[in-house]
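[1] Everything below, folded, please.
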Amino acid sequence: MTGTTPSRFLRLVLRADAFTTSTPGTITLIVALLTLLFTDTAAGLGAAAVLFAAWVAVGWTGRRYERLSGRSRAAGDR
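    Here you go, the predicted model:
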């Protein structure tokens, strides 16, 4: 990857990845997913599916950026 800075959207996705890979972020997402699943409505199930897909996409993008840029998380961020 070149030495250019990431776009605004990519910076937003990377910030979301940093939040979702932290312990409070993971707990928040799990609670939100379970809450949506236990609403037992089609809208809740759909929202949970969309949230989970976004979580996976953000994580995948963050890992790919790390691999391509040669940057890795600091030990405190794991």
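[2] any idea whether G25 is helix, strand or coil?
    Here G25 is recorded as helix under DSSP: H, G, I helix; E, B strand; the rest coil.
[3] so it sits right up against D17, yeah?
    No: taking contact to mean Cβ atoms under 8 Å, the distance of 9.2 Å between G25 and D17 leaves them out of contact. To be clear about C-beta, it is placed using only N, CA and C from the backbone, and glycine gets the same treatment.
[4] Look at these two and report which has more neighbours.
    D17 (22 against 15; other Cβ atoms under 10 Å).
[5] the helices in this protein, which residues?
    Counting by DSSP state H, the segments of the chain that form helices are 8-20, 23-37, 42-69.
[6] Include mean pLDDT when you put those helices into CSV, please.
    Output for those, formatted as CSV (pLDDT from 0 to 100):
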stretch, mean pLDDT
helix 8-20, 90
helix 23-37, 94
helix 42-69, 91
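[7] Using PDB, write down the CA coordinates of stretch 55-72.
    This file holds the C-alpha atoms of stretch 55-72, laid out as PDB (Å, rounded to 0.1, in the frame of the first residue of the first chain):
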ATOM      1  CA  TRP A  55     -19.600  -6.000  12.300                       C
ATOM      2  CA  VAL A  56     -18.000  -8.700  10.100                       C
ATOM      3  CA  ALA A  57     -17.400  -6.200   7.300                       C
ATOM      4  CA  VAL A  58     -15.700  -3.700   9.500                       C
ATOM      5  CA  GLY A  59     -13.500  -6.300  11.100                       C
ATOM      6  CA  TRP A  60     -12.500  -7.700   7.700                       C
ATOM      7  CA  THR A  61     -11.700  -4.200   6.400                       C
ATOM      8  CA  GLY A  62      -9.600  -3.400   9.500                       C
ATOM      9  CA  ARG A  63      -7.600  -6.700   9.200                       C
ATOM     10  CA  ARG A  64      -7.100  -6.100   5.500                       C
ATOM     11  CA  TYR A  65      -5.900  -2.600   6.100                       C
ATOM     12  CA  GLU A  66      -3.500  -3.800   8.800                       C
ATOM     13  CA  ARG A  67      -2.100  -6.500   6.500                       C
ATOM     14  CA  LEU A  68      -1.700  -4.200   3.400                       C
ATOM     15  CA  SER A  69      -0.300  -1.200   5.300                       C
ATOM     16  CA  GLY A  70       2.100  -3.300   7.400                       C
ATOM     17  CA  ARG A  71       0.700  -1.700  10.600                       C
ATOM     18  CA  SER A  72      -0.300  -3.900  13.500                       C
END
